[in-house]
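> This is a predicted model, with the sequence first.
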Amino acid sequence: MPPTSSRRQFLGQCAWAAAATTGFWSELAAQEAQGPNDRLHLAAIGVGNRGSVNLAELRSENVVALCDVDQQQLDQQHQRYPQAAVYRDFRRLLERRDLDAVVISTPDHTHFHPAWAALQLGLHVYCEKPLAHSIWEVRQLAEAARRAGVATQMGNQHHASSGYARVVDWVRSGRLGTIREVHSWTDRPLWPQGVDRPVEVLPVPDHLDWDLWLGPAPERPYHSIYHPIRWRGWWDFGGGALADMGPHLLDPAYWALELALPERIEARSDPVHDETLPESSQVTFEFAASGRRPAVRVHWYDGGRKPAREVTGTDDPPANGTLLVGTEARLFAPELGGRPLVIPLAGKERPESPPASVPVSPGHHAEWLRACKGGPAAGSEFSYAARLTETCLLGNIAIRTGQTLTWLADSMRFADCRQADALLRREYREGWRAGT
């Protein structure tokens, strides 16, 4: 077994091109065990907004490198972590010799490349939700993580909440009765959607490397309508409300009902633009029966759309949430993983609360750190996160095509829509080909 220093020296010699063609070192790296008290040598790729929050949650570790295409964000975090080296290009960062793990908090369209490269190097990976920007990318990351045998976690932090754990307790106890229907809704988008590309061309701010911000996406002129934050509504960069909030709001039902992938997806929306997602949409996912669980229909609403009163029992439900409808009672799971509310159906008594059965989480980031140091797998490791993300991306394909889709998950294609098949994978700009 080589010492850790030798391993780091080897990793530092692996350039980006080599990372794109070989993953043999990951098998050796996976064999190494760290003591529970070791501090990880951690790198952060994307340090503004969510990146800043993630860094704060992981401050117990040795932050050795920071990377961001926005110099203002980079400078701000460097003041907090002055010992860390700084980079604009994650490919240069991944040439380092001393990394154990990376945290990726970039826009959706730039999740895949650093995550995939890090997995080829045998590094532990924490990546913000959604896991990737296309279904092909999601599948590639899940398989790369499986081969590497490293610790992974997707950043849907409410998965570690006691509230979501209680949802699982209630559902699996059977005290809600049989669940065949789920409704999830959000007040997003909070950014521009249903708009066309701006015609004016603005100067690129001095602090921003626009070419690196675009990464693998098609080239286009800079505009402040994209960066910061408002990129979420653009097909080239994000996935709108469903990709943003779906990994949170669909999670408790996905977890409790042990859902796999939907077989049928149907969407209704406002007009869909070539450049952006619609202002509002509604998607229905149909999941096949599994074991003793019957088929389940999951309804998604965004942009002001909400379930009908006969579903929620009110004309003014909360802005975000998930409602599981059982034959004995309904259960409302709040957005932030708060305590679930159980509402008995008319004429029925409130069921007795079930005993706790889900182990208490030490926290979403702490789960990942524990897994990095030889502990149990994190709750939203990539094998789970990939299914949840793929479902959200399937919903967006249904929105974009306007077609009712039949998904053949095993062969990764649709039964009846070539237009939808074309959206399973995106073309990358020259110089960004990876994962093949």
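Structure's in. What do you need? Numbers count the residues shown, from 1 in each chain.

> For the rest of this, base every contact and every neighbour count on C-alpha atoms.
Will do.

> Run through the protein and note the low-pLDDT ranges.
1-37, 434-436 (pLDDT under 70).

> Show me what counts as buried in the biggest helix by length in it.
Counting by DSSP state H, the longest helix found in the chain is helix 382-401. Of all the residues in helix 382-401, those buried under the rule 16 or more other C-alpha atoms under 10 Å are 382-400.

> Let me know the outermost residue of the chain.
Gly347 (40.1 Å; C-alpha atoms, centre = their mean).

> Confirm that residue sits in a helix?
No: using DSSP: H, G, I helix; E, B strand; the rest coil, the assignment for Gly347 is coil, not a helix.

> What helices and strands are in contact with the longest helix of the chain?
With contacts taken as 3 or more C-alpha pairs under 8 Å, 6 or more residues apart in numbering; DSSP states H and E, helix 382-401 sits against helix 135-148, strand 152-155, helix 240-249, strand 264-269, strand 281-287, helix 418-421.

> in the stretch 201-350 of the chain, which spans are helices?
Using DSSP state H, counting those that start in this stretch, the helices assigned to the stretch 201-350 of the chain run over residues 210-214, 240-249, 251-256, 309-312.

> Ok, which of those helices comes nearest Ser161?
helix 251-256 (10.2 Å; C-alpha to C-alpha).

> sorry, back to before: and after the longest helix of the chain, which helix or strand comes next?
strand 405-408 (DSSP states H and E).

> What separation do you get for Gly338 and His159?
11 Å (C-alpha to C-alpha, to the nearest Å).

> The two - which one has more neighbours?
His159 (25 against 15; other C-alpha atoms under 10 Å).

> Pretty sure the more buried one sits in a strand.
No: using three-state DSSP, the secondary structure at His159 is helix, not a strand.

> Touching, it and Ser380? I think so.
Yes: with contact defined as C-alpha atoms under 8 Å, His159 reaches Ser380; the gap is 7.0 Å.

> Give me the contact list for the host helix or strand of Trp368.
If you go by DSSP H and E, Trp368 is part of helix 364-372. Here helix 364-372 makes contact (C-alpha atoms under 8 Å, 6 or more residues apart in numbering) with 34, 36, 54, 57-58, 124, 126, 150-153, 155, 157-160, 361, 376-379.

> Repeat the analysis, applying 6 Å as the threshold.
For helix 364-372, the external contacting residues (C-alpha atoms under 6 Å, 6 or more residues apart in numbering) are 151, 157, 160, 377-378.

> next one: stretch 303-322
Taking C-alpha under 6 Å, 6+ apart as the rule, stretch 303-322 contacts 183-189, 279-280, 332-335.

> Check the offset of that stretch from the chain's centre.
Computed by C-alpha atoms, centre = their mean, to the nearest Å, the chain-centroid distance of stretch 303-322 equals 24 Å.

> measure it end to end?
End-to-end distance (C-alpha to C-alpha), stretch 303-322: 15 Å.

> Outline the domain layout of the chain.
4-158+369-382, 161-193+239-356+389-421 (automatic domain parsing).

> Any chance of CSV for those, columns distance to Asp209?
Output for those, formatted as CSV (distance: least, C-alpha to C-alpha, whole Å):
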stretch, distance to Asp209
domain 4-158+369-382, 5
domain 161-193+239-356+389-421, 22
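
> Compare those and report which one is nearest to Pro216.
Taking these one by one with C-alpha to C-alpha, domain 4-158+369-382 is closest: 7.2 Å.

> and stretch 333-348, which residues are buried?
Buried-residue list, stretch 333-348, by 16+ other C-alpha under 10 Å: 333-337, 339-340, 342-344.

> so how many other residues sit close to the nearest residue to Trp234 once chain neighbours are set aside?
Distances taken as C-alpha to C-alpha, 6 or more residues apart in numbering put Thr276 closest to Trp234, at 4.4 Å, once the chain neighbours are dropped. The tally of other residues near Thr276 (other C-alpha under 10 Å) stands at 24.
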